[in-house]
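**Student:** model this:
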Amino acid sequence: MRSRLGFALLSLVLVPLHTFWLIKLETELGCFGFNSTDVSLFYSPVSALFLLASANLVLKRVKPSWAFKRAEFVLLYAMLSVSAAFCGSDLLQNLTPVLVHPFWFATPENGWANTFHHLIPSWFAPRDPHVLRRYYTGSGTVDTAELIRAWLVPCLVWGSFLIVISFMMLCMSAILRKQWADGEKLSFPIIQLPLEITRSGSLDRLFRSKVLLIGCLLPIVIESINVTNSLAPSVPRIQLGLYNIGAYFTQPPWNALSWWPPLFISFFPFGIGLTFFLPLDLSFSSWFFYLARRFAEVGANALGWYGASAPTGLSRFPFIREQASGGWIALFILTVWAGRHHLYTAVKSAFAKGMAPDEGEAMRYRWAVWGLIAGMVYLLVFSIAAGMAGWVALLFFTLYFVLTVTMTRIRVQLGPPALELFFVNPEHLLVTFTGTRIMSGGSLTVLSYYFWFNRCYRCQPMAHQLESLQMAKTVGAHLPSVAFWMVLATVVGIASGIVATLLLYNNVGQASAKIMTYRTGVGWEAFNRLSDWLQNPRGPDALGITVCIAAALFGLLLGSLRNQFVAFPLHPIGYAFSTCYAMEYFWFLFLITWLVKLLVVRYGGMRLYRQAMPFFMGLVLGDCIAAFFWAMVGWAFGWHGCARY
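**Tutor:** Take a look at the predicted model:
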């Protein structure tokens, strides 16, 4: 009989191996399509489940006592996905490129050294020119002693910072899981495929389904052809991925559709599969509001609002950043209102005696609430010690966790293929409502350094934590144990992720042609903006505030209409999600799969819908398998940038 502790420890050993592989793949070799951590369903944990389930078929026949239990599948998935989220492309992979950027790229022309170098705490990042040269240009070898001396303090500082944030997210997940899963009956669409793979005998059933096999083989065959085309261009290519149709609109006012981001259509197999399972009202609202915004831009262009003679402020129409900010805040308010009784009980349990309804949850609500309080105190002390004003730090982290909870809510209710919240972040909201003149240089500098975990939020670790807890609950696993191993996996993943990025960058050079250029681009975004803030102080943005409040009220109105009229077709989640940058890539899939699903349900009923489900699930599974296979082959042979799409 195998030891379950042994399996958990083996899974923990896989975490740093997975992290090193993932970081090398996403930062050096290219992504073979989307980065795994850029989309909602990470393909490597799904592929690991598939391989384990395949091995389980053999074990059940050869040595049944060694066969893996469903709870072990879930534990492996939870540890790999959560650790990968914290080490992903919008979190840890951005850390060191932002930390040292202002020192290496400071020039007499940009004046950064005189403008804000003195505002950066010495414990944030190394400044030694020799250390920076090895980091940015690479040396082919790594001087371990020098690396430790230069980076030990910054790594401990920022590693502990991220671990505290991860723990606070887990506390919120422990509080919210029961309300969202049992109280509001949210569907958690993203985890349905991993759960199906873990089901006893599911692979036998999956392999017997011809419809699923067709759906699975389609992306595997097409993407294999496309990778072969990258290596041997004489092999024909089958167009997947993005296609820029905005380029065909060259005459005013329709040329507004060609401005960045242009109007794309896309064909991503995993995206087609996932969007098919979206609720019809949410899917419709998302593409409807997205296209409404794009056509509003065409209308504004026709009216001359983007010309040099346009009235002040109209060139910002349709105020996408302000609409996004208001829409997401409205969605948070609606989320809190829906769970107000549960949240009140959870908070009350921290300060009053009595039993809270938290039996069997990942942690007692009392400890979760006190964990959130302790974590917030740590973040405030950290920020104040770094030079940020206390009120700025409090507003910043409040907004950060507001957005984090709201993104998690969208994940577990809507289940989109990806989340990319480029148009809204705490820094933009703060500067819109308070301006920069009221903030000290130290506050603005720390605010810019926090950009490394606030740029796009594609990884969304809290969503992976909550989904993992829900998977564990579904299979009857012990939630506190799963939470414990997730914490260990997070700590090990963050530590190994920091080591992996430093070893990689010091070896090949973070600014060299071997590394994806957007890593350096994140630093340029952060510190060009800081330079502008410091050299051009400004007050509150009255127009931006007005639009943001109006957008929030519109979102609340949509929520009220949904409660009043069951058949009302527009959903506040669709309005908020339509401002997500991911809709630039996926709106077409939302539209097409909405239409297909509508026709299937209307004319074939639930019977035809259930018959179609395996095909779309197969598209997702096949895309994950193809991505993982070619990523492993590319890693083994050192191939760079071979595209599946």
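**Student:** quick one: the strands in the stretch 51-200 of the chain?
**Tutor:** For the stretch 51-200 of the chain, no strands turn up when DSSP state E, counting those that start in this stretch is the criterion.
**Student:** where does it have low pLDDT?
**Tutor:** The model of the stretch 51-200 of the chain has pLDDT under 70 over residues 200.
**Student:** do the stretch 501-645 of the chain as well
**Tutor:** Looking at the stretch 501-645 of the chain by pLDDT under 70, you get 641.
**Student:** and if we set it to 90?
**Tutor:** Where the stretch 501-645 of the chain drops to pLDDT under 90, the residues are 511-520, 566-567, 631-645.
**Student:** Likewise for the stretch 301-450 of the chain?
**Tutor:** 307-315, 349-360.
**Student:** Could I get the full set of helices for it?
**Tutor:** Along the stretch 301-450 of the chain, counting by DSSP state H, counting those that start in this stretch, helices occupy 320-338, 340-351, 365-386, 390-413, 426-434, 441-449.
**Student:** in stretch 243-251, what's buried?
**Tutor:** Going by neighbour count (16 or more other CB atoms under 10 Å), the buried part of stretch 243-251 is Gly246, Phe249. In this view, the C-beta of every residue, glycine as well, is placed from N, C-alpha and C.
**Student:** With distance to Ala636 and mean neighbour count as added columns, please give the helices of the stretch 301-450 of the chain in a markdown table.
**Tutor:** Converted to a markdown table, the helices of the stretch 301-450 of the chain look like this (distance: least, CB to CB, whole Å; neighbours: other CB atoms under 10 Å):
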| stretch | distance to Ala636 | mean neighbour count |
| --- | --- | --- |
| helix 320-338 | 41 | 23 |
| helix 340-351 | 48 | 16 |
| helix 365-386 | 41 | 18 |
| helix 390-413 | 33 | 20 |
| helix 426-434 | 41 | 20 |
| helix 441-449 | 37 | 24 |
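**Student:** nearest to Val566, of these?
**Tutor:** Nearest to Val566, of all the helices of the stretch 301-450 of the chain, is helix 320-338, at 15.8 Å by CB to CB.
**Student:** what's the longest helix belonging to the chain packed up against?
**Tutor:** When the chain is parsed with DSSP state H, its longest helix is helix 582-637. With contacts taken as 3 or more CB pairs under 8 Å, 6 or more residues apart in numbering; DSSP states H and E, helix 582-637 sits against helix 43-62, helix 192-198, helix 210-231, strand 264-267, helix 269-276, helix 280-302.
**Student:** of all these, which lies closest to Trp158?
**Tutor:** Of all the helices and strands packed on helix 582-637, helix 43-62 comes closest under CB to CB, at 24.5 Å.
**Student:** That closest one - contacts with which helices or strands?
**Tutor:** helix 4-24, helix 70-86, helix 192-198, helix 202-208, helix 582-637.
**Student:** Report the backbone C-alpha coordinates of it in CSV.
**Tutor:** Backbone C-alpha positions of helix 43-62 (Å, rounded to 0.1, in the frame of the first residue of the first chain) are rendered in CSV as follows:
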residue,chain,number,x,y,z
TYR,A,43,-2.0,23.2,-19.8
SER,A,44,0.9,21.6,-17.9
PRO,A,45,-1.1,20.6,-14.7
VAL,A,46,-3.9,19.4,-17.0
SER,A,47,-1.4,17.3,-19.0
ALA,A,48,0.1,16.0,-15.7
LEU,A,49,-3.4,14.8,-14.7
PHE,A,50,-3.9,13.2,-18.0
LEU,A,51,-0.5,11.3,-17.8
LEU,A,52,-1.2,10.3,-14.3
ALA,A,53,-4.7,9.0,-15.2
SER,A,54,-3.2,7.1,-18.1
ALA,A,55,-0.7,5.5,-15.8
ASN,A,56,-3.5,4.7,-13.4
LEU,A,57,-5.2,2.6,-16.0
VAL,A,58,-2.2,0.3,-16.1
LEU,A,59,-1.8,0.3,-12.3
LYS,A,60,-5.4,-0.8,-11.8
ARG,A,61,-4.7,-3.9,-13.9
VAL,A,62,-1.1,-4.6,-12.7
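**Student:** That helix to helix 269-276, inter-axis angle?
**Tutor:** For helix 43-62 against helix 269-276, the angle by axes from the mean of the first three to the mean of the last three CA atoms, to 10 degrees is 90 degrees.
**Student:** List the buried residues of helix 43-62.
**Tutor:** Within helix 43-62, the residues scored as buried using 16+ other CB under 10 Å are Tyr43, Ser44, Pro45, Val46, Ser47, Ala48, Leu49, Phe50, Leu52, Ala53, Asn56, Lys60.
**Student:** Quick check: the fourth one touching Cys624?
**Tutor:** Yes: with the criterion set as CB atoms under 8 Å, Val46 and Cys624 qualify as a contacting pair; they are 4.4 Å apart.
**Student:** still on that earlier bit, can you lay out the buried residues of helix 43-62 as TSV showing distance to Ser139?
**Tutor:** Shown next, in TSV, are those (distance: CB to CB, whole Å):
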residue	distance to Ser139
Tyr43	33
Ser44	30
Pro45	34
Val46	37
Ser47	34
Ala48	34
Leu49	39
Phe50	39
Leu52	39
Ala53	43
Asn56	45
Lys60	51
